[in-house]
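Novice: Attaching a predicted model along with its sequence, questions to come.
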Amino acid sequence: MKSHEIIKQTVDALGAKKVAADLGISMSLLYKWSEPTDESGAANPLDRVAELCRVTQDPLPVSWLCQQMDGVYVKNPGSVVGKMDVLKETQRILQEFSDVLAAVSRGWEDARLTASEAEKIRKEWDELKSVAETFVIACEHHGKGKK
């Protein structure tokens, strides 16, 4: 879906009048955000955040938005090319999971978890999710070749 379609679908659920009032913006601006940018000339907030991330090469704004909605951002892996070795990828997932458990164990050795230890656990967890996503994408890619 395109950004303006996302905005339109989201706004339609509550109604433009209520959403515009709650956001403190005009209905006209809200409607402009619901149109393709090349037609309205008004870049919507989703396009602006995406452009900010592209310009800075930093997904932090998207990660922050995910956190605001009680979610997390997981970067998709690079392209999955060639044949995937299922055993090797399974071992990779297990190794990453082991790294998460090791970070938790180290953090709780003294029955306290410091901020830096919690950050290490988050880093290892995010790496595990990325490795698992690589595995799933490769399986999907591999499965498309079979009929």
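Specialist: Nice, thanks for sending it over.

Novice: Walk me through the domains of this protein.
Specialist: If you go by automatic domain parsing, the domain ranges for the chain are 3-68, 86-144.

Novice: Let me know the distance separating Leu60 from Cys66.
Specialist: 11 Å (CB to CB, to the nearest Å). For the C-beta atoms, the positions are set from N, CA and C on the backbone; glycine is no exception.

Novice: starting at the chain centroid, how far to the longest helix seen in the chain?
Specialist: In the chain, assigned by DSSP state H, the helix with the most residues is helix 115-144. Centroid separation between helix 115-144 and its chain, computed with CA atoms, centre = their mean, to the nearest Å, is 12 Å.

Novice: Repeat that for stretch 54-72.
Specialist: Centre-to-centre, stretch 54-72 and its host chain are 7 Å apart (CA atoms, centre = their mean).

Novice: So which bits of it are buried?
Specialist: Ser63 (16 or more other CB atoms under 10 Å).

Novice: And the helices in this protein, which stretches?
Specialist: Per DSSP H, the chain carries helices over the ranges 3-14, 16-23, 27-33, 37-40, 45-56, 60-68, 86-107, 115-144.
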